[in-house]
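[1] just coords:
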């Protein structure tokens, strides 16, 4: 989720104002503090808050590159990498509940009472993840499900299970770091996320070198061990800094803050969880239906390459919702102005690859794509520009909904995304099978646009109302 939005949306023609003029006046109790806070929110301070988050998100790609390059040195690299990739697909599902703790903590924790409620919810999440992992890894129903879903059996199934038995602990430590990331982000110390990510990369590189130079890369589990070590390191950094913030800066009880019990947290968290599970079907649906395109192999490959490049560019801007959560109540106009400036950067970068000589050079020299596939990848990237234009505004609006604690809307918006994407895929496969990878890009972009329209309607629906819970404390000045 991301959340950017221009100054008043007048430039885009989509909205005139995402929030009414009465928001600033109606949200805050203690308006005498507003001028000081508003003076503190400068473009530079927003940049200092945002850039470390973007760098940390982008470095995730590097961590996976370390693992893949290590596994490529195995005696049977195709088998080893495939086993690790399948287990990672499963992790992508079971880790989602843990990752959502970051947004939840950042939005709801303002004192130690609310953090204790948040921590209890995290405990329930961790227990559920571990229970699911044990069932999938060791019990017959789990083995049957993995075989049915991924179509594997025999030695490869056992290989995947062995990898996942390690990766399920990655979910645990991932959730722990996200819990404390929420505290760190709210206290505007986002550079600690970059520090944690850099230390994680160093640790993963050292473990990878041990396997390459000393032990040898013997199987898919090596990738899982490297990943687990990295996640333990990153979570240790987050817990260390987050615990220090709890002691130094977080009050025992904020009298204006209403989050005190686990039920208060679950009301916010559960819709996020449901919407994320709805989104799980997007990837499999795209790949399955692209297999029906005119040239299935080219379609799937072109979509995969273009999608990865688009995701790499967008990952830097995937924390825009945190700008909304932490600064919008202080100075909404400056937040919108900042987002207006950065929101077009993903489209510009993808446009450079899709329409200039930089694209063919990068695809051939860096990625190693051949001429036939390169042509399809570039066509697919041009369609993905729709997604890069929509995504920042979607993330911005989602941030406003989180600030209002209206996360239930995200269940409907994500459902709209999946429905429109699926219908578009089917229609395009029937009508224009020759589009190949561009079919997936268009369907995903239109689905995201549908999600944005639903979220935008929910944001505009609150015009004239007290859109953001006035009981939430004023954001901290930077």
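    Arrived safely. Nothing here was measured: the structure is a model prediction, and the numbers come from that model.

[2] so which strand or helix has the nearest residue to residue 109 once chain neighbours are set aside?
    Nearest residue to residue 109, sequence neighbours excluded (C-beta to C-beta, 6 or more residues apart in numbering): residue 115, at 4.8 Å. Every residue, glycine included, has its C-beta placed from N, CA and C. Assigned by DSSP states H and E, residue 115 falls within helix 112-138.

[3] now do residue 297
    helix 296-315.

[4] how about that helix: buried residues?
    Under the neighbour-count criterion of 16 or more other C-beta atoms under 10 Å, helix 296-315 has 298-307, 309-310, 313-315 buried.

[5] Show the average pLDDT along it.
    Averaged over helix 296-315, pLDDT sits at 86.

[6] Figure out how far stretch 445-452 is from the centre of its chain.
    In terms of C-alpha atoms, centre = their mean, to the nearest Å, the centre of stretch 445-452 is set 16 Å apart from its chain centre.

[7] Name the residues that touch it?
    282, 383-384, 386-387, 390-391, 393-394, 397, 413-414, 416-422, 424 (C-beta atoms under 8 Å, 6 or more residues apart in numbering).

[8] same thing but 7 Å
    When contacts are defined by C-beta atoms under 7 Å, 6 or more residues apart in numbering, stretch 445-452 is touched by residues 383-384, 386-387, 390-391, 393-394, 397, 413-414, 416-418, 420-421, 424.

[9] cool, and stretch 142-156?
    Contacts for stretch 142-156 (C-beta under 7 Å, 6+ apart): 83, 86, 135, 136, 157, 160, 161.

[10] In TSV: these, plus distance to residue 292.
    What follows is the contacts of stretch 142-156, written out as TSV (distance: C-beta to C-beta, whole Å):
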residue	distance to residue 292
83	27
86	22
135	33
136	30
157	27
160	27
161	31
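
[11] Taking those, tell me the two that lie furthest apart.
    Distance extremes for the contacts of stretch 142-156: the farthest pair is 83 and 135 at 20.0 Å, using C-beta to C-beta.

[12] Mind checking which of these two has more residues around it?
    residue 83 (28 against 14; other C-beta atoms under 10 Å).

[13] Please look at the more buried one and residue 222 and confirm they touch.
    No - the criterion here is C-beta atoms under 7 Å, and residue 83 misses it with residue 222 at 10.6 Å.

[14] Low-confidence ranges, the protein, go.
    1-39, 149-152, 462-478 (pLDDT under 70).

[15] hmm, 50 instead?
    1-39, 464-478 (pLDDT under 50).

[16] Out of the buried residues of helix 296-315, flag the one nearest to residue 429.
    Distances from residue 429 to these, taken by C-beta to C-beta, are shortest for residue 299, at 9.5 Å.

[17] hmm, back to that, quick one: residues contacting the residue nearest to residue 109.
    Residues near residue 115 by C-beta under 7 Å, 6+ apart: 109, 246, 250.

[18] I'd like these as JSON lines, with secondary structure appended.
    As requested, the contacts of residue 115 are exported to JSON lines (DSSP: H, G, I helix; E, B strand; the rest coil):
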{"residue": "109", "secondary structure": "coil"}
{"residue": "246", "secondary structure": "helix"}
{"residue": "250", "secondary structure": "coil"}
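
[19] Considering these, which is situated nearest to residue 326?
    For those, the nearest to residue 326 is residue 109 (12.1 Å; C-beta to C-beta).

[20] Surely the closest one is in contact with residue 182?
    Yes - at 6.1 Å, residue 109 counts as touching residue 182 under the criterion of C-beta under 7 Å.

[21] burial count for residue 243?
    Neighbours of residue 243 (other C-beta under 10 Å): 12.

[22] so what does the host helix or strand of it touch, helix or strand wise?
    Under the criterion of DSSP H and E, residue 243 resides in helix 221-248. In terms of contacts (3 or more C-beta pairs under 7 Å, 6 or more residues apart in numbering; DSSP states H and E), helix 221-248 is packed against helix 43-71, helix 77-94, helix 154-186, helix 191-210.

[23] now, of those, which is deepest in the fold?
    Comparing the helices and strands packed on helix 221-248 by mean neighbour count (mean count of other C-beta atoms under 10 Å), helix 154-186 ranks first with a mean of 22.

[24] report the angle between the axes of that one and helix 191-210?
    Interaxial angle of helix 154-186 relative to helix 191-210 (axes from the mean of the first three to the mean of the last three C-alpha atoms, to 10 degrees): 150 degrees.

[25] How far away from the center of its chain is helix 154-186?
    15 Å.

[26] report the angle between the axes of that helix and helix 77-94?
    50 degrees.

[27] Give me the distance from stretch 350-365 to the chain's centre.
    That offset, for stretch 350-365, works out to 25 Å (C-alpha atoms, centre = their mean).

[28] er, stretch 263-282 actually
    13 Å.

[29] likewise stretch 357-367?
    On C-alpha atoms, centre = their mean, the centre of stretch 357-367 falls 27 Å from the chain's centre.

[30] go on, stretch 364-378?
    The answer for stretch 364-378 is 27 Å, by C-alpha atoms, centre = their mean.

[31] got it, and stretch 135-144?
    28 Å.

[32] That one: which residues count as buried?
    Those would be 136, 137, 142, 143, for stretch 135-144 by 16+ other C-beta under 10 Å.

[33] how long is it end to end?
    11 Å (C-alpha to C-alpha, to the nearest Å).

[34] quick revisit: and the furthest pair within the buried residues of helix 296-315?
    298 and 315 (25.7 Å).

[35] and the one helix or strand residue 439 maps to, which residues are buried?
    Assigned by DSSP H and E, residue 439 falls within helix 437-461. Within helix 437-461, the residues scored as buried using 16+ other C-beta under 10 Å are 437-456, 458-460.
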